[in-house]
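Participant: fold the stuff below for me.
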Amino acid sequence: MSPRSRKVRILATLGPASNSSDMIRKLYLAGADAFRINMSHGDHADHAARIESIRALEKEFGRPTTILADLQGPKLRVGTFADGVAMLKVGVKFILDRDETPGDMYRVNLPHPEIYAALEPGTRLLLDDGKMVLRVKAVTADRIDTIVEVGGTLSNRKGVNIPDVVVPLAALTDKDRRDLAFAMQQGVDWVALSFVQRPEDLAEARRLMGGYGALLAKIEKPAAVHRLDEILESCDAVMVARGDLGVELPPEAVPPLQKQIVASARRLGKPVVVATQMLESMIKSPTPTRAEVSDVATAVYDGADTIMLSAETAAGDWPEEAVKMMDSIAQSVEADPGYLARLHFTETKPDPTTADALAEASNSITRTVSVSTIICFTSSGSTARRVARERPGATVLVLTPRADTARKLGMLWGVHAVRTKDIGSFEEMIGKGRRMALRHGIAKAGDKVIIVAGVPFGTPGSTNVLHVATLTGDELKNREEGD
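Facilitator: Residues are numbered from 1 along each chain as shown. Model prediction:
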């Protein structure tokens with residue numbers, strides 16, 4: 001299978017509409033570069049079957065596959081009602097309390113003691129994805145008195161959002177810990193942590209992962225936005241989770257925040273995913289709205305590493321078509337002659353390191369002498385991330401001896417990762433780089449390529465070599481066994 005010509009990556013969520021090996025394969029062929037396993041739904045047996053199907057693609061197509069396990073996180077919910085639902089009327093007093101007795105139009109159970117301790121008069125409670133709004137008037141250790149500001153019909157166990165304060169909830173629930181242990185046992189490549197509020201929330205997940213996999217922080221609460229730079233320093237990637245952000249913030253605040261988060265992540269060289277409702281109408285329709293097309297295009301123009309499909313591929317009627325549409329939009333944007341110039345509106349100043357200096361130099365050389373491919377030899381993936389951060393016009397071919405590194409790079413902008421045998425000398429590096437660029441169809445005879453690596457080989461963080469070469473086409477005659 002030839003490399004993707006598209007730079008931005010597509011992350012497809014699996015679910016009832018995409019459970020079968022056949023459909024997962026179709027999504028992959030349609031353009032999905034990575035797959036999201038939503039741990040909020042399904043059991044471990046279901047997830048294990050999906051993971052097995054994804055890894056089978058790796059064997060079939062000879063390309064690393066990328067799997068992200070998305071943990072549910074501490075979802076806050078009200079209790080139940082005697083009639084299953086209750087009508088909340090504007091201006092009427094409504095109580096949330098610790099009493100587990102089924103509720104009515106005047107009260108309901110709220111089984112989260114942390115909320116009682118965090119609230120104060122004047123703060124808001126948003127119910128059922130923001131459809132209803134309560135204003136806190138008084139609060140004690142076991143009772144919250146509110147006034148209904150926006151009413152509606154509230155049913156059993158609907159969600160509660162608290163945008164005005166940081167609720168001291170543990171970032172991982174017992175379910176999350178079980179799901180994380182399962183994900184590590186299955187060898188997933190990325191773990192997404194939901195409802196991150198502060199950098200400390202990432203610490204336990206990082207510890208439980210034991211050095212395996214990479215950690216993605218979902219930015220879906222205002223508190224996380226206020227500490228974005230600290231969170232970025234503590235994780236390996238971020239997701240702009242616009243669904244919950246749009247509940248807890250005014251809708252008009254989300255687009256500029258999306259641009260801010262994408263730009264901040266790019267400056268730090270951390271992959272950034274833009275997610276939620278990108279092609280929402282394609283859950284039921286074979287074509288998107290013009291507004292949705294523009295939304296996807298905006299994320300691509302902003303330089304996001306990955307764009308994500310949620311219910312469109314998990315539960316929609318047109319999962320394959322949704323991936324094809326997203327692929328088509330991205331390719332159209334990237335064909336725009338002004339695309340690369342727009343990407344560089346975000347300034348990515350290099351850190352004072354040799355690796356960053358070489359990454360910046362690679363981008364400059366690419367523009368000056370029309371380089372087609374930047375070849376990175378890396379063990380940890382760090383070199384690839386620094387080169388991709390510069391958003392070069394050339395394809396980034398990453399050669400690594402580690403399967404886990406190759407898989408993790410499936411959500412990184414412009415990267416085609418290949419697992420290959422390790423190298424032992426400078427001459428071997430140059431020869432292998434030239435061969436692999438030709439063999440994988442990324443470059444052709446006559447093309448100039450840049451080779452970036454670290455000497456001594458196999459030492460993480462030692463990037464210190466940049467070599468420019470012109471391919472002759474004769475390189476494949478020197479094929480090495482097990483390249």
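Participant: quick one: the strands in the stretch 301-450 of the chain?
Facilitator: Counting by DSSP state E, counting those that start in this stretch, one finds strands in the stretch 301-450 of the chain at the ranges 306-309, 371-377, 395-400, 415-419, 448-454.
Participant: would you turn those into JSON lines with mean neighbour count and distance to K75?
Facilitator: No exception for glycine: its C-beta is placed from N, CA and C like everyone else's. Formatted as JSON lines, the strands of the stretch 301-450 of the chain follow (neighbours: other C-beta atoms under 10 Å; distance: least, C-beta to C-beta, whole Å):
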{"stretch": "strand 306-309", "mean neighbour count": "26", "distance to K75": "19"}
{"stretch": "strand 371-377", "mean neighbour count": "26", "distance to K75": "40"}
{"stretch": "strand 395-400", "mean neighbour count": "26", "distance to K75": "37"}
{"stretch": "strand 415-419", "mean neighbour count": "23", "distance to K75": "34"}
{"stretch": "strand 448-454", "mean neighbour count": "24", "distance to K75": "44"}
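Participant: quick one: which of those strands has the weakest pLDDT on average?
Facilitator: With a mean of 90, strand 448-454 has the lowest mean pLDDT of the strands of the stretch 301-450 of the chain.
Participant: map the structural domains onto the sequence of the protein.
Facilitator: 9-73+171-335, 85-161, 354-478 (automatic domain parsing).
Participant: and the ones you listed as TSV, adding distance to H344?
Facilitator: Formatted as TSV, the domains of the chain follow (distance: least, C-beta to C-beta, whole Å):
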stretch	distance to H344
domain 9-73+171-335	9
domain 85-161	36
domain 354-478	7
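Participant: lowest-confidence stretch among the ones you listed?
Facilitator: Taking the mean pLDDT of these, domain 354-478 comes last: a mean of 89.
Participant: now distance to V272 too, for the strands of the stretch 301-450 of the chain, in a markdown table please.
Facilitator: As requested, the strands of the stretch 301-450 of the chain are exported to a markdown table (distance: least, C-beta to C-beta, whole Å):
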| stretch | distance to V272 |
| --- | --- |
| strand 306-309 | 7 |
| strand 371-377 | 20 |
| strand 395-400 | 17 |
| strand 415-419 | 14 |
| strand 448-454 | 22 |
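Participant: out of the ones you listed, flag the one nearest E321.
Facilitator: strand 306-309 (10.8 Å; C-beta to C-beta).
Participant: show me what the closest one packs onto, helices and strands only.
Facilitator: strand 9-14, strand 272-275, helix 290-302, helix 319-334 (3 or more C-beta pairs under 8 Å, 6 or more residues apart in numbering; DSSP states H and E).
Participant: about what we covered before: T346 is nearest to which of the domains of the chain?
Facilitator: Of all those, domain 9-73+171-335 comes closest under C-beta to C-beta, at 4.6 Å.
Participant: for that closest one, the distance to its chain's centre please.
Facilitator: Counting by C-alpha atoms, centre = their mean, to the nearest Å, domain 9-73+171-335 is centred 4 Å from the centre of its parent chain.
Participant: coming back round to it: nearest to F426, out of the strands of the stretch 301-450 of the chain?
Facilitator: Taking the strands of the stretch 301-450 of the chain one by one with C-beta to C-beta, strand 448-454 is closest: 8.4 Å.
Participant: now do the buried residues in whichever helix or strand comes after that closest one.
Facilitator: Of the helices and strands lying after strand 448-454 in sequence (DSSP states H and E), the nearest is strand 463-470. Within strand 463-470, the residues that qualify as buried are 463-466, 469, counting by 16 or more other C-beta atoms under 10 Å.
Participant: so which of the helices and strands packed on strand 306-309 is nearest D447?
Facilitator: helix 319-334 (19.3 Å).
Participant: just checking, what packs against the closest one?
Facilitator: Looks like helix 319-334 contacts strand 9-14, helix 21-30, helix 290-302, strand 306-309, helix 311-314 (3+ C-beta pairs under 8 Å, 6+ apart).
Participant: buried set for the third one?
Facilitator: It refers to helix 290-302. Going by 16+ other C-beta under 10 Å, helix 290-302 has these buried residues: 292-293, 295-302.
Participant: measure the most centrally placed residue in the chain to Q258 for me?
Facilitator: Against the mean C-alpha coordinate of the chain, by C-alpha atoms, centre = their mean, the closest residue is V273 at 3.8 Å. Applying C-beta to C-beta, to the nearest Å, the value for V273 to Q258 is 11 Å.
Participant: what's the overlap in contacts for the two?
Facilitator: V240 (C-beta atoms under 8 Å, 6 or more residues apart in numbering).
Participant: re earlier: and the helices and strands packed on strand 306-309 as TSV, adding distance to E52?
Facilitator: Listed next are the helices and strands packed on strand 306-309 as TSV, based on distance: least, C-beta to C-beta, whole Å:
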stretch	distance to E52
strand 9-14	12
strand 272-275	24
helix 290-302	30
helix 319-334	19
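Participant: ok, which of the ones you listed comes nearest R177?
Facilitator: strand 9-14 (22.1 Å).
Participant: so which other helices or strands are in contact with the closest one?
Facilitator: Packing contacts for strand 9-14, counted by 3+ C-beta pairs under 8 Å, 6+ apart, involve strand 34-38, strand 306-309, helix 311-314, helix 319-334.
Participant: hmm, try it at 10 Å
Facilitator: The contact analysis (3 or more C-beta pairs under 10 Å, 6 or more residues apart in numbering; DSSP states H and E) places strand 9-14 against helix 21-30, strand 34-38, helix 44-61, strand 66-70, strand 272-275, strand 306-309, helix 311-314, helix 319-334.
Participant: would JSON lines of these with distance to L397 be doable?
Facilitator: Shown next, in JSON lines, are those (distance: least, C-beta to C-beta, whole Å):
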{"stretch": "helix 21-30", "distance to L397": "20"}
{"stretch": "strand 34-38", "distance to L397": "18"}
{"stretch": "helix 44-61", "distance to L397": "16"}
{"stretch": "strand 66-70", "distance to L397": "17"}
{"stretch": "strand 272-275", "distance to L397": "22"}
{"stretch": "strand 306-309", "distance to L397": "19"}
{"stretch": "helix 311-314", "distance to L397": "28"}
{"stretch": "helix 319-334", "distance to L397": "18"}
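Participant: please name the residues that touch M87.
Facilitator: Applying C-beta atoms under 10 Å, 6 or more residues apart in numbering, we find M87 in contact with 104-105, 148, 151-154.
Participant: and which of the residues you listed is nearest Q186?
Facilitator: Nearest to Q186 among those, with distances taken as C-beta to C-beta, is L154, at 37.6 Å.
Participant: assumed the closest one was part of a strand.
Facilitator: Yes - judged by DSSP: H, G, I helix; E, B strand; the rest coil, L154 forms part of a strand.
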